[in-house]
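Just to be clear, the model below is a prediction. Sequence and coordinates:
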Amino acid sequence: MKKIYLYGLLLSATAVAVVSCKENSPVTEPTELATYDLIQDRILTPTCATAGCHASESDGTFRQHSLVLAKGKSYENLINKLSNQPDAKSEGMMRVKPYNSNESLLYHKLNWDASHHGGKQYGLPMPLGGEPLSVGQTEFVRRWIEAGAPRTGSVVDTTLLSDKTPANQVDFVGLTAPAAGQGVQMRLGPFEVAPRFERELFSRKQVGNTEELYVNRVEIKMRSGSHHFILYDFADKSKLPTMNDLRDIRNTNGSVNFATFASMQNHIFWTGTQTPDHDYTFPEGAALLVPAGASYDMNSHYVNKTDKAMQGEVHVNLYTTPKETVKHVVQSLNLANEGLTLAAGTKTTVSKTFTFKKPIKVLMLTSHTHSRGEKFVIRINGGSRNGEIVYESTDWEHPLIKNFPAPIELKAGEGLTSEITYNNTTSKTIRFGLTSEDEMGIIFGYYYEE
């Protein structure tokens, strides 16, 4: 009995001690989310890592940007990784450079006000077709980068995420038309872009000039949400679309409008941009010739990922210079590889070299294929830069438009080589042609002869 009594006392004492320890132990608070986890959950996942954009390698745009921002993958894809965006890449800009937001492309992409980085353009602001981040969200990302962009730890005041101040409260202000005698202005829109819809359209507009003009500067400004704008000339002037009609490339159900698609095969690139604000001046003494009574096809593409309709609008200013100041008339490159034979069910890379009889200077390059074109590379052929890649695009619908601040100089006998990879997933051979079931491989650009 004595042993039982002592054992009972021991159990009671142990129980009291356990209760006492519990009462005296500090209360454990829930662990605070890391700053980067908040960026992932509140910004990247809902606005960037969405299907078709930066969700996975199967997204249609992945070949162009090579950036997945899904949870578990985004951090490694951002930190100290060189950007694919051509202008940023040429500057050696990282997607995120710890401690330096001004040299981090992510911050520039999320901040729609280009003035914070000297007005430079690094492609389209993001998220494309959606609402811009709030002032607080953008500042949250900036401070995270300035704090070293850590993967763990809370380094930024989370109350910033509660600041819902819209980042772009200013209404669209278009371009002021050039003064009389200094140029002309062309406009497209305003036009409506339906909710959750991509609208790409064309409209032939007259320049309004009764005499020939020489254009040495092109300025373009668009409402937000634009993917690109291109001004096209026509190869065959006897096959012009009706003036001022809006010709959509997609029907309201998303299917292709084949009549519009057919009219696109008569296009020659004249000018364009993939940024909302564009201002390009040709080298001194060089200018584009606009014939009297000219008309051009205005091509605009808008992406609307919101639940409400948005408006699209484009202003284009063509600034002129007197004829006597023009030493070089800028001409359009139109170098087509018409010898295409793409076997069924096969991935094929096709090359063709185009040489020039006279020395030329190349000012701009872009490309054109149909839907089977996966990658378009342009190399220099001949001379000291033989084989050098000067252009690369992986988006057949919206190819890169690349301007060269220092023109590419090619001597007589030198040239450009197009190297295009096609993926023919159909059960039939595909050749060069004008319909959507055919293929193309064309180098467009600007050049002038020495």
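Nice, thanks for sending it over. As the structure is a prediction and not an experimental result, all values here were calculated from the model.

going forward, measure contacts between C-alpha atoms and count neighbours the same way
OK.

How far away from the center of its chain is stretch 288-295?
For stretch 288-295, the gap between its own C-alpha mean and the chain's C-alpha mean amounts to 29 Å (C-alpha atoms, centre = their mean, to the nearest Å).

Report all helices and strands that the helix or strand containing His315 contacts.
Using DSSP states H and E, His315 falls within strand 310-320. Counting by 3 or more C-alpha pairs under 8 Å, 6 or more residues apart in numbering; DSSP states H and E, the packing neighbours recorded for strand 310-320 are strand 183-193, strand 213-222, strand 295-304.

Now that strand - C-alpha only, CSV.
Extracted as CSV, the C-alpha positions of strand 310-320 are listed here (Å, rounded to 0.1, in the frame of the first residue of the first chain):
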residue,chain,number,x,y,z
MET,A,310,-11.5,48.0,-73.5
GLN,A,311,-10.8,50.5,-76.2
GLY,A,312,-8.0,50.4,-78.7
GLU,A,313,-6.5,53.4,-80.5
VAL,A,314,-3.4,54.2,-82.5
HIS,A,315,-1.8,57.5,-83.6
VAL,A,316,1.0,57.7,-86.1
ASN,A,317,3.0,60.8,-86.9
LEU,A,318,5.1,60.8,-90.1
TYR,A,319,7.6,63.7,-89.9
THR,A,320,9.0,64.9,-93.2
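
Can you list the residue ranges for helices in the stretch 1-150 of the chain?
Counting by DSSP state H, counting those that start in this stretch, the segments of the stretch 1-150 of the chain that form helices are 2-24, 35-39, 45-47, 62-65, 74-78, 86-90, 105-110, 135-146.

what about the helices and strands packed on strand 310-320, which gets the closest to Lys358?
Closest to Lys358 of the helices and strands packed on strand 310-320, according to C-alpha to C-alpha: strand 213-222, at 22.7 Å.

and Tyr447, what is it in contact with?
Contacts for Tyr447 (C-alpha atoms under 8 Å, 6 or more residues apart in numbering) come out as 330-333, 360-364.

Next one: it relative to Glu338, how far apart?
Per C-alpha to C-alpha, to the nearest Å, Tyr447 is found 22 Å from Glu338.

For the stretch 151-300 of the chain, give me the ranges with low pLDDT.
167-170 (pLDDT under 70).

all strands of it, in order?
Counting by DSSP state E, counting those that start in this stretch, one finds strands in the stretch 151-300 of the chain at the ranges 183-193, 197-206, 213-222, 226-234, 247-248, 267-273, 277-281, 286-290, 295-304.

Can you give me the neighbour number for Gln206?
14 (other C-alpha atoms under 10 Å).

Cross-check the contact I'm expecting between it and Tyr296.
Yes. Proximity of Gln206 to Tyr296 meets the contact threshold set by C-alpha atoms under 8 Å, at 6.5 Å.

can I see the domain layout of this structure?
Listed by automatic domain parsing, the domain ranges of the chain are 35-162, 183-326, 330-449.

With distance to Gly174 as extra columns, can I get the ones you listed in CSV?
Converted to CSV, these look like this (distance: least, C-alpha to C-alpha, whole Å):
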stretch, distance to Gly174
domain 35-162, 16
domain 183-326, 6
domain 330-449, 23
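
For Asp171, find the nearest of these.
domain 183-326 (9.1 Å).

measure the closest one end to end?
15 Å.

Number the chain from 22, please
OK, 22 is where the count begins now, so the last one is domain 204-347.

so how far is it from its chain's centroid?
The answer for domain 204-347 is 17 Å, by C-alpha atoms, centre = their mean.

what number of residues lie near the nearest residue to Pro312 once chain neighbours are set aside?
Once flanking residues are discounted, Pro312 sits nearest to Glu233: 4.5 Å by C-alpha to C-alpha, 6 or more residues apart in numbering. Per other C-alpha under 10 Å, the neighbour tally for Glu233 reads 13.

wait, what's in contact with Glu233?
When contacts are counted by C-alpha under 8 Å, 6+ apart, Glu233 touches 310-314.

Buried ones from the residues you listed, can you make that a PyMOL selection?
Buried residues among the contacts of Glu233 (16 or more other C-alpha atoms under 10 Å), as a PyMOL selection:
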select buried, resi 310+311
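
Identify all contacting residues around stretch 182-199.
132-134, 153-158, 161, 204-206, 241-244, 336-340.

From these, keep the buried residues only.
132-133, 153-158, 161, 204-206, 241-244, 336-340.

Nearest to Lys110 among the contacts of Glu233?
Checking the contacts of Glu233 one by one against Lys110 (C-alpha to C-alpha), the nearest turns out to be Leu310, at 32.7 Å.

The residue nearest to the closest one when sequence neighbours are not counted: neighbour count?
Distances taken as C-alpha to C-alpha, 6+ apart place Tyr235 nearest to Leu310, at 4.8 Å, with adjacent residues excluded. Neighbour count for Tyr235, taken as other C-alpha under 10 Å: 23.

Just confirm Tyr235 contacts Gly306, I think it does.
No. Using C-alpha under 8 Å, Tyr235 is not in contact with Gly306; the gap is 10.5 Å.

Overlap of the contact sets of these two?
Joint contacts of Tyr235 and Gly306 (C-alpha under 8 Å, 6+ apart) are Val347.

What's opposite Lys368 in the beta bridge?
Note on Lys368: beta-bridge partners Asn444, judged by DSSP bridges.

give me the number of residues near it?
Other residues close to Lys368 by other C-alpha under 10 Å number 15.

how close does it get to Asn123?
Taking C-alpha to C-alpha, one finds Lys368 at 41 Å from Asn123.

got it, and Leu154?
According to C-alpha to C-alpha, Leu154 stands 17 Å off from Asn123.

same thing with Arg406?
Counting by C-alpha to C-alpha, the gap from Arg406 to Asn123 is 33 Å.

With Phe255 instead?
42 Å.

the more surrounded of the two?
Phe255 (20 against 17).

With adjacent residues omitted, what lies nearest to Glu152?
Using C-alpha to C-alpha, 6+ apart, the closest residue to Glu152 is Thr327 (7.3 Å).

Pull the contacting residues for the one you found.
By C-alpha under 8 Å, 6+ apart, the residues touching Thr327 are 150-152, 216-217.
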